Each structure stands twice: as structure tokens, then as C-alpha cells.
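Engineer: Okay, structure incoming, though there's no sequence with it:
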């Protein structure tokens with residue numbers, strides 16, 4: 001997470017997919033309750049509590065460091081997500097897909 005070398009996030013396929021968080025620099029991990037399945041995770045460099053998890057056709061957003069989640073991905077194609085980026089100034093996330101182009105959503 002920007003601003004904290006000990007806070008790390010990861011997405012995993014175990015137990016139906018979820019987001020894991022470490023506040024110990026990776027020495028221990030905790031599964032975040034209610035977290036979405038994903039293949040990519042990106043954190044807002046201007047606010048480390050803004051977390052985005054992207055999967056084929058889906059994007060989920062947490063504004064509180066992973067405590068609660070809401071869907072942002074309506075309208076994204078069901079294609080593999082190859083890249084993600086955030087523009088903090090416009091409050092947009094960009095999702096690059098395989099063969100489907102680039103999509104953006106406000107958060």
C-alpha cells in the first residue's frame with residue numbers, strides 16, 4: 001500500500017478466490033471478509049484505502065481498506081484483464097482487456 005511498506009494486498013484463487021491483507025510485511029496474511037474474486041489488484045496511490053479488484057467482466061471497489069466492497073464492473077466485457085491503472089485526479093480506474101480494448105469507470 002502506498003505510504004506503508006508493511007501493508008500488502010494479494011488476490012488468490014484459494015477458497016473460491018478472495019483478497020488477502022498483510023500488515024506485517026508479508027509475514028502473516030488475513031483473508032478479508034466479503035472480498036471479491038479477482039486476477040488483478042490495484043491501490044490508489046493518493047489514498048491507500050481505495051482498493052480495486054478486477055476479474056473478467058467485473059471490478060470491485062473498497063473505499064475503506066477492504067472492510068466493505070461494491071461492484072464497479074457493470075458493462076465490462078467478459079475478457080481476461082491484462083492491466084489496470086488508476087487516475088486519482090479524475091477518480092477513474094482503467095481496465096485493459098485481451099481483445100476488448102480499454103474501459104474506464106469512475107469511483
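Structural biologist: Yep, that arrived. Quick caveat, the model's predicted, so the values are computed rather than measured.

Engineer: so how far is stretch 77-96 off the chain centroid?
Structural biologist: Chain-centre distance of stretch 77-96: 10 Å, with Cα atoms, centre = their mean, to the nearest Å.

Engineer: Now do residue 25 against residue 19, distance only.
Structural biologist: 17 Å (Cβ to Cβ, to the nearest Å). Quick note: C-beta positions are derived from backbone N, CA and C, even for glycine.

Engineer: ugh, wrong one, I meant residue 92
Structural biologist: Residue 92 sits 21 Å away from residue 19, taking Cβ to Cβ as the criterion.

Engineer: for residue 9, same thing?
Structural biologist: As judged by Cβ to Cβ, residue 9 and residue 19 stand 6 Å apart.

Engineer: Give the residues shared as contacts by these two.
Structural biologist: 41, 51, 66 (Cβ atoms under 8 Å, 6 or more residues apart in numbering).

Engineer: Of those residues, which belong to strands?
Structural biologist: 41, 51 (DSSP state E).
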